[in-house]
Structures are given as structure tokens and as C-alpha cells.
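Enquirer: Task: produce atomic coordinates for the following.
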Amino acid sequence: MSHHVPRFSSALSRRAFLASAAAGACAGPLRAEDALAATTRLNGWLETRFEAWVASSPLQQGYLGRNANLDKWDDLSEGHQREDLERARRDLADLRENFGPSTFTPEGQLSYRLYEYLSERRTNAYPWRTHDYTVNQNGGWQQQIAAFLMNIHRVGTVEQAEAYVARLHGIGGLMAQVRERMRAGEEAGVLAPRFVYGHVIRDCGNILSGAPFETGKASPLWADITAKIDILAADAATKQKLRTEAEKALLTAVRPAYGALMELCAEQQAHATTDDGVWKHPKGEEYYGYCLAFHTTTDMSADAIHEFGLAEVARIHDEMRLIMKQVEFGGSLQEFFTFLRTDARFRYPQTAEGKAAYLARAEEIIDAMRGRLDEVFGRQPRAKLVVRAVEAFREQSATAAFYQPPGAYDGRPGTYYVNTFDMNVPSKYEMEAVAYHEAIPGHHMQIALAREMSDLPSFRRFEGYSAYTEGWGLYCEQLPKELGFYLDPYSDFGRLSAELWRACRLVVDTGIHAPDKKWTRGRAIGYLKENTPNAEGDIVNSIERYIVSPGQATAYKIGLAKIMALRTDAKERLADKFDLRAFHEVVLSHGSVPLPILGENVEAWVRQVAET
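Expert: Residues are numbered from 1 along each chain as shown. Next up is the predicted model:
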């Protein structure tokens with residue numbers, strides 16, 4: 001692959017590195033046993049800090065698979081956000097006061113720097129707490145609540161079922177805090193674009209659709225809790241009591257909570273504008289700069305990212321034209337895009353059988369890749385992986401595909417979700433690329449492995465950085481071609497199409513949110529229609545996602561470019577000593593890290609190999 005590679009830098013990374021180096025120079029030689037003892041002490045402190053943060057979030061405990069605080073929700077209040085800020089500040093002060101980075105083993109030094117980075121990141125987020133859209137169609141609270149109960153809250157005992165019911169009752173208080181945050185945002189001059197509220201209202205309606213709220217089939221939460229109660233090892237009277245309590249909670253807590261949210265959404269929708277970029281908000285330009293730095297872990301400007309995107313779009317278009325010649329298509333690239341969108345051979349039918357066939361084929365692709373992993377990776381995750389369709393209550397708003405990590409303590413598998421709501425969106429020719437990205441060797445490989453690295457401090461096993469995580473996922477779309485996959489030319493075009501999609505994201509994200517561009521939703525949709533083969537429904541959903549998640553969409557290509565630059569440099573310098581399995585190991589073995597630190601990790605490995 002030939003890529004234009006942007007320059008990467010990080011003032012934070014350089015500052016921390018130089019301070020560490022200076023301290024080491026002053027301290028002189030360090031005995032190995034002293035470094036190990038200091039690192040052990042640091043790791044103990046880091047575990048106490050990790051546990052303190054986890055203890056403050058029942059949802060995080062649930063995602064980790066812990067059997068604790070099962071009846072509670074997170075505290076979303078302003079007071080709790082302030083407590084989080086003070087905790088982050090104390091962590092940073094304690095770290096710097098009680099530990100010196102030069103006294104540790106190399107891995108300990110990395111842990112010090114990463115926790116320093118994480119604490120500063122948490123502190124820097126606080127001033128922007130009202131700029132986030134509390135509810136939106138891309139994982140807003142109206143979706144998170146139901147998704148958590150249905151997919152994360154396990155019911156294997158009567159006590160766990162009672163905790164589920166308690167959480168249903170607690171939705172009233174949680175939603176009250178959601179509404180408080182929405183009002184705080186409005187008072188700060190931050191409202192979501194007008195279209196967002198319609199999606200949220202629809203999501204709420206889906207939650208309240210069906211029994212026991214109205215006649216008809218069971219609503220999503222009622223179907224979930226009754227199914228979980230049905231298979232409990234409990235007597236009939238106990239089960240009936242649980243059903244009665246759950247129904248009461250749905251009617252007296254869930255319905256009014258979602259109803260009140262719908263009312264507030266309708267109220268704010270009336271005041272919202274059709275301007276889509278965050279440039280419209282107070283300090284919008286500064287906020288967007290923060291978002292880009294947060295997601296890319298670099299100091300690349302919006303203009304630099306935009307220009308990089310345009311260059312990559314042009315490069316990938318040229319590679320696509322080569323495949324057009326291979327399949328003997330005589331028209332223009334845009335005509336080929338139309339052909340791919342409209343020809344029935346590239347889609348599964350909009351039927352139950354068609355949806356099942358897509359899921360089955362996705363599993364076949366994953367199984368075939370699993371058999372080849374040992375050729376380029378030294379280890380594989382123990383956690384299992386399942387493929388599932390997105391649940392009906394959120395499929396209209398959800399993205400085309402995504403990954404949910406495994407539980408760390410309860411054996412819950414990692415999940416590759418496919419959105420089968422509109423079968424015109426997922427194409428056959430992109431199936432390989434999507435599966436490699438979301439499942440293996442992409443997100444499941446990287447995230448599950450990190451969670452299983454028991455020798456690392458817990459915060460490093462579970463913390464994530466978008467540019468690293470998504471850059472790795474996109475890298476793993478390209479890697480299988482080297483193993484002989486993408487044999488069908490249309491699937492190989494799908495690989496390019498997936499990369500093109502991420503290149504276009506650089507253009508449209510900065511186009512929408514940068515104050516000197518101010519692209520409308522319509523213009524961004526038009527750009528993707530002209531420059532990609534994706535279905536219109538996918539394009540619209542994606543642009544709306546980028547609007548409510550500023551900067552996140554830029555992480556993929558920025559991360560890929562960094563990984564490819566590091567690999568190319570290592571291969572050139574090491575020549576015959578370069579080993580791809582070893583390169584992958586050094587990229588994966590430290591957990592998710594900011595891109596500048598990834599570069600330092602690879603540089604240290606290259607020097608070590610070169611000297612042997």
C-alpha cells in the first residue's frame with residue numbers, strides 16, 4: 001500500500017518524555033531490583049485509583065462483568081461531575097508528588113506516563129461537559145439504558161432479577177438527571193441540531209411500544225425481563241412476583257420517565273436550529289479543536305486533516321479505477337458506484353432469510369480468518385466472539401456495524417453487531433472488510449487481548465484511544481490482502497471502499513464542524529454520494545452520526561496512517577530482521593495508547609532488534 005502520511009506530533013508526549021529523560025540523567029544508574037520495587041509500588045497505587053473510578057460507576061462495573069451495584073445507575077449530576085474532576089486532579093497531583101518516572105522499569109515508566117496522560121485528559125474534558133449532546137441517535141441515554149439492561153445485566157439468580165427490577169424503578173431518577181443535563185446544555189447555549197430530536201423521540205417511542213404500555217406484542221424491556229425470569233431456577237410464585245414487580249416498574253417509572261424525555265425533546269426541538277456543526281456553539285472552534293485532539297491524540301489542525309482527506313480520496317479513487325478495468329466495467333467511477341448501489345447481486349434480500357444469510361456469511365468469513373491468524377500474530381484472545389443483529393428498538397438509529405467488548409469477569413463474549421434493518425445498507429462486497437475490522441483481526445483481537453493482559457495495570461487493559469483502536473481496525477481491513485484474502489475483485493473493491501469511506505470522513509467531519517467551512521448536512525451527504533458507493537441510507541445515518549460526535553470520525557485514517565508509517569519505517573530500517581508477527585506484538589502488547597507513545601514503543605523495539 002502506498003499512502004500519503006501526515007505529520008504527527010504531541011506537545012504533551014514530548015514534554016513528558018523530556019522531563020522523564022532529564023530526571024533519569026540526574027539520577028544516574030538505577031539498579032534493576034530498585035526499579036522493579038518502585039514499579040510494583042506504582043502498580044499497587046494505580047490499581048487503587050482504577051478501583052476508585054470503577055466504584056463510582058455501576059455501569060462500568062456491569063460492562064466489566066462484575067456482580068456489584070446491580071440495582072444502581074450512574075450518577076449524572078453536576079455535583080458528581082465535579083467530584084470526578086477533583087478525583088482526576090488529585091490523581092495527577094499524587095502521581096507527580098509521590099512517584100518519579102525515572103525510577104521505574106521501562107513498562108513502569110510507560111504506565112506512569114499513560115496515567116498522567118489519562119488524568120490530564122479527564123481534567124481537560126470538564127470545561128466541555130455541556131457541549132456534549134446528552135441524548136442523540138448515536139448511543140444517547142435513551143438507547144444506553146435499554147441496551148445495558150438487555151445485553152449487559154445478566155439474570156441468573158432471583159437477586160439479580162430483583163436488581164433488574166430495581167433498575168427499572170431507578171430509570172425515573174436517571175432520566176431526571178438526563179433532563180437536567182439537557183437543560184444545562186441549553187442554558188450554556190448548546191442545543192443539538194433539530195433533526196436529532198426526532199430520532200430520540202422515535203427511540204423513546206420504540207421503548208414504549210407494546211405490552212404492558214399498550215396492547216400488542218411485548219415491548220423490548222418487557223420481553224427481555226420476562227424471558228430472563230422464565231428461565232430462572234425459582235418456583236412459580238417467585239417468578240410471578242418478579243413479573244408483577246417488573247410490570248409495575250415499567251408502568252410507574254419507565255413510561256413517565258421516557259414520556260418526560262419526549263416532552264423535553266419536543267420543547268428543545270422547537271428552539272433548535274438546522275445548523276449542524278459545533279462551530280455554532282459558544283467557543284465552538286476551540287471545542288472542535290479539543291475534539292480533534294481527544295480523538296486523534298495528535299495536534300493536527302482541522303485544515304491539515306481536511307487536506308489529508310482530500311489527497312487520500314483521490315489516491316483511493318485511482319486504485320478503484322484499476323479494479324474497474326479488472327472487472328471490465330466501461331463507465332465512469334461514479335457510474336460504477338451507482339452500479340454497486342443498485343445491482344441486486346450485491347445485496348441480500350430484505351427478508352428474514354436474507355438477514356440470516358448475511359449473519360451466517362459473516363461467521364464464515366471470521367472462521368476463515370481465524371484459521372490464518374497464527375501466521376501474523378503470536379497470540380490470540382481467549383474470549384469468545386459472537387455475531388448478532390442489532391436489536392429492533394435501536395436498529396433504525398444505529399450504525400451499520402459495531403463491536404461490543406467482552407466482559408472481563410463474567411465470561412460474556414465479544415459481540416460483532418450487524419444492522420439488518422435495511423438490507424440495502426450492508427453490501428456483500430464489503431462484508432470481508434467490515435468483519436475483519438469489527439471482529440478479527442480488528443477490534444475483538446485488540447480489545448479482548450488487552451483485557452486479558454493481567455500483567456498490565458488495569459487502567460491500561462480497559463482504557464481506549466480512538467486513533468489507536470480505530471486505526472488498528474482499519475489496518476486490519478488491509479492486512480488480510482497480504483494473506484491472500486479478497487480474492488474476489490468486488491471484495492477487494494470493498495476493501496478500498498471501506499478505506500475510502502474513512503478518508504471521506506476526514507473531509508466531511510472537518511467540513512461540517514470547522515468554522516471556516518460550515519458544511520450543511522445536505523452538502524456532506526452530497527459529498528459522500530458523489531465520492532463513495534455506499535447506500536443512501538448508510539450515508540445519511542453516518543453524516544448524522546458525525547454531526548453528533550465531532551472529531552471521532554477522523555480517528556480511523558489518522559490512526560491507520562500512523563501504524564503504516566511505523567511499519568514502513570521499521571521494515572526499511574530492519575530489512576531482513578523485520579518480523580511482522582513481532583511488529584504486531586509490540587503494537588498490541590502495551591494496550592491502547594496515544595499515537596505518539598505508540599511511535600515511541602515501536603522505535604524502542606526497532607532499536608533493540610537492530611542492535612541484536
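
Enquirer: in terms of contact, does Arg505 touch Gln552 like I think?
Expert: No - distance between Arg505 and Gln552: 9.1 Å, which falls outside the contact criterion (Cβ atoms under 8 Å). Yep, even glycine has a C-beta here, placed from its N, CA and C like the rest.

Enquirer: How about Thr415: which residues does it bridge to?
Expert: Val386, Gln404 (DSSP bridges).

Enquirer: one step back: where do the contact lists of Arg505 and Gln552 overlap?
Expert: In the contact map built from Cβ atoms under 8 Å, 6 or more residues apart in numbering, the residues linked to both Arg505 and Gln552 are Tyr546.

Enquirer: Now that Ala211 has come up, it's in contact with Lys217, right?
Expert: Yes - the pair formed by Ala211 and Lys217 meets the contact definition of Cβ under 8 Å, at 6.9 Å.

Enquirer: Would you map the strands across the stretch 251-400 of the chain?
Expert: Listed in chain order, the strands of the stretch 251-400 of the chain (DSSP state E, counting those that start in this stretch) span residues 385-389.

Enquirer: check contacts around Tyr258.
Expert: Tyr258 makes contact with Gln142, Ile171, Met175, Cys204, Ile207, Leu208, according to Cβ under 8 Å, 6+ apart.

Enquirer: which one is the last one nearest to, not counting chain neighbours?
Expert: The spatially closest residue to Leu208, leaving aside those adjacent along the chain, is Tyr258, at 5.6 Å (Cβ to Cβ, 6 or more residues apart in numbering).

Enquirer: I'd like to know how far that neighbour sits from Thr123.
Expert: When distance is defined by Cβ to Cβ, to the nearest Å, Tyr258 is 34 Å away from Thr123.

Enquirer: sorry, back to before: more neighbours: which of Ala211 and Lys217?
Expert: Ala211 (15 against 9; other Cβ atoms under 10 Å).

Enquirer: so the nearest residue to Ala257 once chain neighbours are set aside is in which element?
Expert: Beyond its immediate neighbours in the sequence, the residue positioned closest to Ala257 (Cβ to Cβ, 6+ apart) is Met175, lying 3.8 Å away. Secondary-structure assignment from DSSP states H and E places Met175 in helix 158-187.

Enquirer: Just the buried positions in that helix, please.
Expert: 158, 160-165, 167-172, 174-175, 177-179, 181-182, 185-186 (16 or more other Cβ atoms under 10 Å).

Enquirer: Likewise for stretch 488-505?
Expert: Applying a neighbour-count criterion of 16+ other Cβ under 10 Å, one finds 490-505 buried in stretch 488-505.

Enquirer: One more: stretch 352-366?
Expert: Here stretch 352-366 shows Lys355, Tyr358, Leu359, Arg361, Ala362, Glu363, Ile365, Ile366 as buried, counting by 16+ other Cβ under 10 Å.

Enquirer: Just name the closest of these to Ala392, please.
Expert: Sorting the buried residues of stretch 352-366 by how near they are to Ala392, with Cβ to Cβ, puts Lys355 at the top with 11.6 Å.

Enquirer: Surely the closest one and Tyr348 touch.
Expert: Yes - counting by Cβ under 8 Å, Lys355 touches Tyr348, with 7.0 Å between them.

Enquirer: what about the helices in the stretch 1-150 of the chain?
Expert: If you assign secondary structure with DSSP state H, counting those that start in this stretch, the helices in the stretch 1-150 of the chain sit at 11-27, 32-55, 58-64, 78-98, 106-125, 141-151.

Enquirer: closest to Asp374 out of those?
Expert: Sorting the helices of the stretch 1-150 of the chain by Cβ to Cβ, the top spot, which is the nearest, belongs to helix 106-125 at 25.7 Å.

Enquirer: how far does that closest one sit from the chain's center?
Expert: For helix 106-125, the distance from its own C-alpha centre to the chain's C-alpha centre is 20 Å (Cα atoms, centre = their mean, to the nearest Å).

Enquirer: Check which helices and strands it is in contact with.
Expert: Counting contacts by 3 or more Cβ pairs under 8 Å, 6 or more residues apart in numbering; DSSP states H and E, the secondary-structure elements packed against helix 106-125 are helix 11-27, helix 32-55, helix 78-98, helix 284-296, helix 458-462, helix 595-611.

Enquirer: go with 6 Å
Expert: Contact partners of helix 106-125 among helices and strands, from 3 or more Cβ pairs under 6 Å, 6 or more residues apart in numbering; DSSP states H and E: helix 78-98.

Enquirer: Which residues outside the helix it packs on are in contact with it?
Expert: Counting by Cβ atoms under 6 Å, 6 or more residues apart in numbering, helix 78-98 makes contact with Arg49, Ser119, Arg122, Thr123, Tyr126, Arg129, all of which sit outside it.

Enquirer: Just the C-alphas of the one helix or strand Ala565 maps to, formatted as PDB.
Expert: Of the helices and strands defined by DSSP H and E, Ala565 is found in helix 555-574. Included here for helix 555-574 are C-alpha records, laid out as PDB according to Å, rounded to 0.1, in the frame of the first residue of the first chain:
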ATOM      1  CA  ALA A 555      -9.500   8.900  14.200                       C
ATOM      2  CA  TYR A 556      -9.600   5.900  11.800                       C
ATOM      3  CA  LYS A 557      -7.400   7.200   8.900                       C
ATOM      4  CA  ILE A 558      -5.200   9.200  11.300                       C
ATOM      5  CA  GLY A 559      -4.500   6.000  13.200                       C
ATOM      6  CA  LEU A 560      -4.000   3.900  10.100                       C
ATOM      7  CA  ALA A 561      -1.600   6.400   8.700                       C
ATOM      8  CA  LYS A 562       0.500   6.300  11.900                       C
ATOM      9  CA  ILE A 563       0.600   2.500  12.100                       C
ATOM     10  CA  MET A 564       1.500   2.100   8.400                       C
ATOM     11  CA  ALA A 565       4.200   4.800   8.700                       C
ATOM     12  CA  LEU A 566       5.700   2.900  11.700                       C
ATOM     13  CA  ARG A 567       5.600  -0.400   9.900                       C
ATOM     14  CA  THR A 568       7.100   1.000   6.700                       C
ATOM     15  CA  ASP A 569       9.900   2.700   8.700                       C
ATOM     16  CA  ALA A 570      10.600  -0.400  10.700                       C
ATOM     17  CA  LYS A 571      10.800  -2.600   7.600                       C
ATOM     18  CA  GLU A 572      13.100  -0.200   5.800                       C
ATOM     19  CA  ARG A 573      15.500   0.000   8.800                       C
ATOM     20  CA  LEU A 574      15.400  -3.600   9.900                       C
END
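
Enquirer: Now it: buried residues?
Expert: Across helix 555-574, burial judged by 16+ other Cβ under 10 Å covers 555-567, 570, 574.

Enquirer: Show the subsequent helix or strand relative to that helix.
Expert: The first helix or strand that comes after helix 555-574 along the chain, using DSSP H and E, is helix 580-588.

Enquirer: Pull the residues that contact that next one.
Expert: For helix 580-588, using Cβ under 6 Å, 6+ apart, the contacting residues are Val376, Phe377, Gly378, Leu449, Asn601, Val602, Trp605.

Enquirer: do that again at 8 Å, thanks
Expert: Contacts with helix 580-588, where a contact means Cβ under 8 Å, 6+ apart, come from 375-379, 445-446, 449-450, 472, 563, 566-567, 570, 598, 601-602, 605, 609.

Enquirer: Alright, calling it a day.
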